[in-house]
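Engineer: Everything below, folded, please.
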Amino acid sequence: AKRDSAATEVSAMSGLSFASAISKKTKEETAITNVQVEGIVVAKIVKHCKECLPNFVTGQLLGLDIGSTLEVTYSFPFPSKTGGDEEDDDASYQLEMMRCLREVNVDNNTVGWYQSTYLGSYQTLEMVETFASYQESIKCCVCIAYDPQAAAQGSFGLRAMKLKDKFLKLFREGQISASTLNQEGITARDIFQDLPITITNSSLVSAMFTRLQPDVGDQGDFDRLSFVEPHLLERNLEFMMGSMDDYQSKIYEVSQFHRMSQRHEVQHQQWLQKRKVENAQRMAAGEEPLGDEDPNYSGPLPEPSRLESYLIGNQAAQFGERINVAGGQTLQKLCLMNALYANSS
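Structural biologist: So this is what the prediction gives:
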């Protein structure tokens, strides 16, 4: 009997160790590839961002990760900035909200945050630092950006993203230099990873939407023929030109660094050559040679970070894509309208 109980205990322990190893391996290897958002969460994000225009707002995303899918089941807004000790107030507010949600049996696992943006201008150094801060304790973390202006023009407006693992590793190590980025093969497109968003609703909500949906039949929707507002294209062009100016200033900083670094090395080599001649003269005179350490040289100059230039380049490229899409749609609508007018006449 003792032998059977011991064998049972060993098999149970081996089964537990095997299960824990499998779960650990799955947890380590599974990466988030898509985001599933509840419809009520989307409604709350849109409502919060639109009500606070033109100010930018942020909020917390709650949910859980199941395999390669990150499910966002709840969200709540962060309080507006009113001065004072904002960091402590935000931390205490988040803790109190999480405690209240846990008491009413709502998912209280933090999976990221959402924020509002204007014309897609969200790829900033602050966002990268926020991602790094979140992912110190939360491995599966995403940011959902909502653009009310893009949504007003018929676009989806929501965009989910995360930092790529290779870039995040270099950023944590503080190795964002040109040599390191080239060695790892990281380009400006390898910072953020866009994730597809799937909006889900419960069966009751879907049934209610079906019941409330009006029966429009074959009625034409002429609103789709409306052109893109000129001021939006103008603002995109302004932002793109501003990004190009910022990018040019970063290029100037890099050129200045190379110029100063070359001058610094030349001065160091001149000092070493001068000290070598002095030591040769002292040795010829029977005196002790002097040291070869230059007191004004502390090593090569630190290379400026390329992160901001990468982010600015990404932002300019995104503005260009928006202009391309909006201009293409406008040209298609113009051709369609010309064809309709030609047929009617």
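
Engineer: what about stretch 170-180, start to end distance?
Structural biologist: 8 Å (Cα to Cα, to the nearest Å).

Engineer: what comes into contact with that stretch?
Structural biologist: Under the contact criterion Cβ atoms under 8 Å, 6 or more residues apart in numbering, stretch 170-180 has outside partners V128, A132, L163, L181, E184, I186, E303, S305, R306, L307. Using the backbone N, CA and C atoms, a C-beta is placed for each residue, glycine as well.

Engineer: change it to 7 Å
Structural biologist: V128, A132, E184, E303, S305, R306, L307 (Cβ atoms under 7 Å, 6 or more residues apart in numbering).

Engineer: What's the ChimeraX line that selects buried ones from those?
Structural biologist: Applied in ChimeraX, the following selects the buried portion of the contacts of stretch 170-180 according to 16 or more other Cβ atoms under 10 Å:
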select :128,305,306,307
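
Engineer: Mind checking which of the contacts of stretch 170-180 are in helices?
Structural biologist: Among the contacts of stretch 170-180, the ones falling in helices (DSSP state H) are V128, A132, E184, L307.

Engineer: Just name the closest of those to Q332, please.
Structural biologist: V128 (36.4 Å; Cβ to Cβ).

Engineer: Am I right that G59 sits in a strand?
Structural biologist: Yes - secondary structure of G59 (DSSP: H, G, I helix; E, B strand; the rest coil): part of a strand.

Engineer: Number of residues surrounding it?
Structural biologist: Applying other Cβ atoms under 10 Å, we find 20 residues neighbouring G59.

Engineer: what does the one 3 residues further on give?
Structural biologist: Per other Cβ under 10 Å, the neighbour tally for L62 reads 22.

Engineer: ranges for the strands of this structure?
Structural biologist: Applying DSSP state E to the chain gives strands spanning 34-38, 58-66, 69-77, 110-116, 142-146, 158-163, 192-195, 197-200.

Engineer: Might one say that T117 is in contact with D147?
Structural biologist: Yes - applying Cβ atoms under 7 Å as the test, T117 and D147 come out as touching, 5.2 Å apart.

Engineer: For the contacts of stretch 170-180, work out which two are farthest apart.
Structural biologist: A132 and E303 (20.2 Å).

Engineer: what does stretch 96-108 contact?
Structural biologist: L62, G63, L64, T73, Y74, F76.

Engineer: now the first one, nearest residue through space, not along the chain?
Structural biologist: Closest residue to L62 in three dimensions, ignoring its sequence neighbours and counting by Cβ to Cβ, 6 or more residues apart in numbering: Y74, at 4.3 Å.

Engineer: Where is the longest helix in this structure?
Structural biologist: Per DSSP H, the chain has its longest helix at helix 230-284.
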